[in-house]
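Engineer: Let's see this in three dimensions:
(chains A and B)
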Amino acid sequence: AQTVTQSQPEMSVQEAETVTLSCTYDTSESDYYLFWYKQPPSRQMILVIRQEAYKQQNATENRFSVNFQKAAKSFSLKISDSQLGDAAMYFCAYLRAGNQFYFGTGTSLTVIP
Amino acid sequence: DVKVTQSSRYLVKRTGEKVFLECVQDMDHENMFWYRQDPGLGLRLIYFSYDVKMKEKGDIPEGYSVSREKKERFSLILESASTNQTSMYLCASSLAPAGGGFYGYTFGSGTRLTVV
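Structural biologist: Below you'll find the model as predicted:
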């Protein structure tokens, strides 16, 4: 079975600074998708960013970007210019087409004013 | 705005009760999923469904069952609630193919269930 590992249970960042959340995964597949979801205190899971494994270019969405290292099976999330509203639990997720999601255990991000 | 709606935000039930958690989506999605979320364990898949009246076990189905009589509604049933089922329950839906392909899931806001 696929596994997704988030080795940082908690992280903190000063407002306006940059933070990187780590994620590694285990798979023998070559075609798959990777996602970062954000869960704020409202509990609504929100898609932050997604990456197709066949694309070498790292995905970017405004202040959010990823560092996708396929050979190393690493998929880290970088948040630039951190804002108070970025405080949330962040989940890394792996998906193989036609299969189910596998989620990591989450990283709780605190943004310090 | 598309939605996945879970009927209860908070629920308190007694041990041994039969508990129904309801989830409704308005996006005409084929696939629906039930997860439980526990601190340090992330999200674990309980059951999922790719079509009406169809269901498949996930990773932790014991103590749970599901019902999908209509495409838009997916119910999670705790046949006899126990204290170890105290958790956050998240419903999600996606377009076919299974798992939603590149588009991922749309989640509900969760039901925090406490069994006393």
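
Engineer: residue boundaries of the helices in chain A?
Structural biologist: Using DSSP state H, chain A contains no helices.

Engineer: Where does the prediction get shaky in it?
Structural biologist: Counting by pLDDT under 70, chain A shows low-confidence ranges at A:1-2, A:97-99.

Engineer: and it, which residues reach chain B?
Structural biologist: Residues of chain A lying close to chain B (CB under 8 Å from any CB of the partner chain) are A:4, A:6, A:9, A:33, A:35, A:37, A:42-45, A:47, A:50, A:52, A:91, A:93, A:95-101, A:103-106. (Glycine included, C-beta is placed from N, CA and C.)

Engineer: Which of the residues you listed are buried? Put it as a ChimeraX command.
Structural biologist: Applying 16 or more other CB atoms under 10 Å in any protein chain shown to the residues of chain A next to chain B, the buried members can be selected in ChimeraX as follows:
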select /A:4,6,33,35,37,43,44,45,47,50,91,93,95,96,100,101,103,104,105,106
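
Engineer: shouldn't B:Ser75 be in contact with B:Val66?
Structural biologist: Yes: using CB atoms under 8 Å, B:Ser75 is in contact with B:Val66, at 6.3 Å.

Engineer: Mind checking which of these two has more residues around it?
Structural biologist: B:Val66 (23 against 18; other CB atoms under 10 Å in any protein chain shown).

Engineer: what about that one, which SS state?
Structural biologist: Following DSSP: H, G, I helix; E, B strand; the rest coil, B:Val66 is assigned to strand.

Engineer: any idea which residue sits dead centre in the chain?
Structural biologist: No chain was given, so I picked chain A. Centroid-nearest residue in chain A: A:Trp36, 3.4 Å away (criterion: CA atoms, centre = their mean).

Engineer: Chain B, not that one
Structural biologist: B:Trp34 (2.6 Å).
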